[in-house]
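coordinates only, sequence not included:
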């Protein structure tokens, strides 16, 4: 039986009211600042020096550090105060999905032959039944691990330096097509249909998860500078699926000048145009454009893959996904292909390392399907039950999504420590810990503290919430947070949270936000060094 849930309209009314209040600038009272808890150990002076920077004049810092085995608290500052978590909230949502599905869970996406076989001809349809596989082979390495880069392509329009993984984003689709041919089908006289009935896309989750996801539901657009200033820039894009078409008027400008590239797309997303400039001799610049109909996109991609594999499809490749052709059941419809994903722990690692927003929101929907619901909102009661069992104070956590991007999302430093403590006491402790970004090594902490003594000894999820302060022509940082594990000595780990709410950058440059992120990473490093007895 699915767990009981608050009726969806009531939840929507509450969320809508809160959004209106926030939009018109009404201050919601009740978040009373408590005095900092007594700290058993004085803060490292390097930490207090960071906290006194001008950027934090009106900000509030939160700290919590605890030995999960003994319960001894080493640092505590506003430990029970609500903080905007940013993507540190993913520690809760991904934990819930991991526990619900299991770290070794595989997503198996089948293709059914619906109709009658006559020798090598299928008189009927091929139905791909989407299972909520986050990458469908598009990031899978030969060893079964999932590839990622320091700055993920999903952030390409917001953060400079985003890069692509080398894997083919259509790898899973191509594998399915080859299996169909290997099953003896050479011609499909019906249609190809994507069955996306696993759950209903929920617009309250942004980005919106879908049962079928190919290349994170985006088109990658890679611009390279021309041979000299004044020449057209080079362009490559992927995945190349009809009817998507990309054009570029980007020009090369003199070395040292800024690269500034804008992306525009048609209402249906299939016509994409790039404009702007790229500096001579600069690194390639990546941008992305959304796939607005993932099911139609996936259907076309599969038909084109079938054609590449030598399977003729009578239906036109381009067009809407013909959902009315879907059967009520697949009983009697043989499986002619299936794609098996890496284990879910690999997807959790991807989500944590690069702060993958779509994957974190998808986890909410997958928790709902585990309870027999097609309504993503029904994933929250599943998460609530897990947090209760994990001995996390659920009233100290507020979540309206899986990614940590909703204005209502809040957590206390102590609650973060509680979910981290839960994992430290399970057989999955090491796998969970190493799935987090590692200071100076990989993920969102790769570029911080590369040569400091704490390199490789801090394992933590980071979070950022920032926006424009148009009044002062600068960026306001609602939150810069981190939570995870500090290696205090070989094989021993404290749980911790470190974060700041209400910081501000000197100007509107994104580098100011990144600098605040470095400060929070440095605080984590100094906590680790102080605990390990070093400086």
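Arrived safely, thanks for sending. Keep in mind it's a predicted model, so treat the numbers as computed, not measured. Residues are numbered from 1 along each chain as shown.

mind checking the SS state of residue 391?
Residue 391 carries the three-state label coil when classified by DSSP: H, G, I helix; E, B strand; the rest coil.

Tell me, how many residues neighbour it?
A total of 12 residues lie near residue 391 under the criterion other CB atoms under 10 Å. All C-beta atoms are positioned from the backbone trio N, CA, C, and that covers glycine.

Would you agree it is in contact with residue 422?
Yes - Residue 391 is within contact range of residue 422, at 6.6 Å (criterion: CB atoms under 8 Å).

From residue 335, how far out is residue 462?
Distance of residue 462 to residue 335, computed by CB to CB, to the nearest Å: 41 Å.

Just want to know which of those two has more residues nearby.
It is residue 462, of residue 462 and residue 335, that has more neighbours when counted by other CB under 10 Å, with 26 against 14.

residue closest to the middle of this structure?
In the chain, the residue lying closest to the centroid (CA atoms, centre = their mean) is residue 356, at 1.5 Å.

longest strand anywhere in the protein?
Counting by DSSP state E, the longest strand found in the chain is strand 474-489.

Report the buried residues of that strand.
For strand 474-489, a neighbour-count test (16 or more other CB atoms under 10 Å) marks 474-488 as buried.

what do you get for stretch 362-376?
362-371, 373, 375-376.

Name the nearest of these relative to residue 106.
Nearest to residue 106 among these is residue 366, at 13.0 Å by CB to CB.

before we move on, back to that, sticking with the nearest residue to the residue nearest to the centre of the chain once chain neighbours are set aside, tell me its helix or strand.
Nearest residue to residue 356, sequence neighbours excluded (CB to CB, 6 or more residues apart in numbering): residue 350, at 5.6 Å. For residue 350, the host element (DSSP states H and E) is helix 344-354.

And the helices in the chain, which stretches?
With DSSP state H, the ranges of helices along the chain come out as 8-23, 45-51, 90-101, 171-182, 294-309, 344-354, 357-370, 379-389, 413-424, 429-435, 510-531.

Distance to residue 493 for the ones you listed - can I get that in TSV?
Formatted as TSV, the helices of the chain follow (distance: least, CB to CB, whole Å):
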stretch	distance to residue 493
helix 8-23	37
helix 45-51	19
helix 90-101	15
helix 171-182	36
helix 294-309	40
helix 344-354	16
helix 357-370	23
helix 379-389	21
helix 413-424	7
helix 429-435	7
helix 510-531	10
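
hey, least reliable of those helices by pLDDT?
With a mean of 34, helix 8-23 has the lowest mean pLDDT of the helices of the chain.

what about the longest strand of the chain, average pLDDT?
The pLDDT scores in strand 474-489 average 97.

same deal with stretch 495-504?
97.

Repeat that for stretch 118-127.
The predicted confidence, averaged over stretch 118-127, sits at 98.

Mind listing residues that contact that stretch?
Contacts with stretch 118-127, where a contact means CB atoms under 8 Å, 6 or more residues apart in numbering, come from 111-117, 180, 184-195, 302, 306, 313, 325-327, 330, 333, 336.

Equivalent analysis for stretch 327-346, please.
97-98, 101-114, 126-127, 129, 133-137, 140, 144-146, 172, 175-177, 179-180, 183, 185, 347, 428, 431, 435.

again, but for stretch 140-159
Contacts of stretch 140-159 (CB under 8 Å, 6+ apart): 135, 139, 160-167, 171-172, 216, 218, 220, 263, 286-288, 341-342, 346-347, 349-350, 353-358, 442-444, 446-447, 510.

mind checking the end-to-end distance for it?
24 Å (CA to CA, to the nearest Å).

in its sheet, what does the longest strand of the chain sit against?
strand 458-469 (antiparallel), strand 492-504 (antiparallel) (DSSP bridges).

With residue 62 as the reference, name the closest of these.
Checked against CB to CB, the stretch from those lying closest is strand 492-504, at 5.3 Å.

buried ones in the closest one?
493-504.

Just give me how far that strand sits from the chain centre.
Its chain's C-alpha centre and that of strand 492-504 lie 20 Å apart, by CA atoms, centre = their mean, to the nearest Å.

what do you get for stretch 260-272?
23 Å.

Roughly how far does residue 420 sit from residue 91?
Counting by CB to CB, the gap from residue 420 to residue 91 is 7 Å.

got any residues that touch both of those two?
Common neighbours of residue 420 and residue 91 (CB under 8 Å, 6+ apart) are residue 483.

Any regions of the stretch 101-250 of the chain where pLDDT drops low?
For the stretch 101-250 of the chain, no stretch has pLDDT under 70.

Just to check, residue 258 is in contact with residue 282?
No - with contacts counted by CB under 8 Å, residue 258 stays clear of residue 282, the gap being 9.5 Å.

between those two, which one's more packed in?
Neighbour totals were compared for residue 258 and residue 282, and residue 282 leads with 17 against 10 (other CB under 10 Å).

Quick check: the more buried one vs residue 399, distance?
For residue 282, the distance to residue 399 (CB to CB) stands at 40 Å.

Drop anything exposed from the contacts of stretch 118-127.
111-115, 180, 185, 188-195, 302, 306, 313, 325-327, 330, 333, 336.
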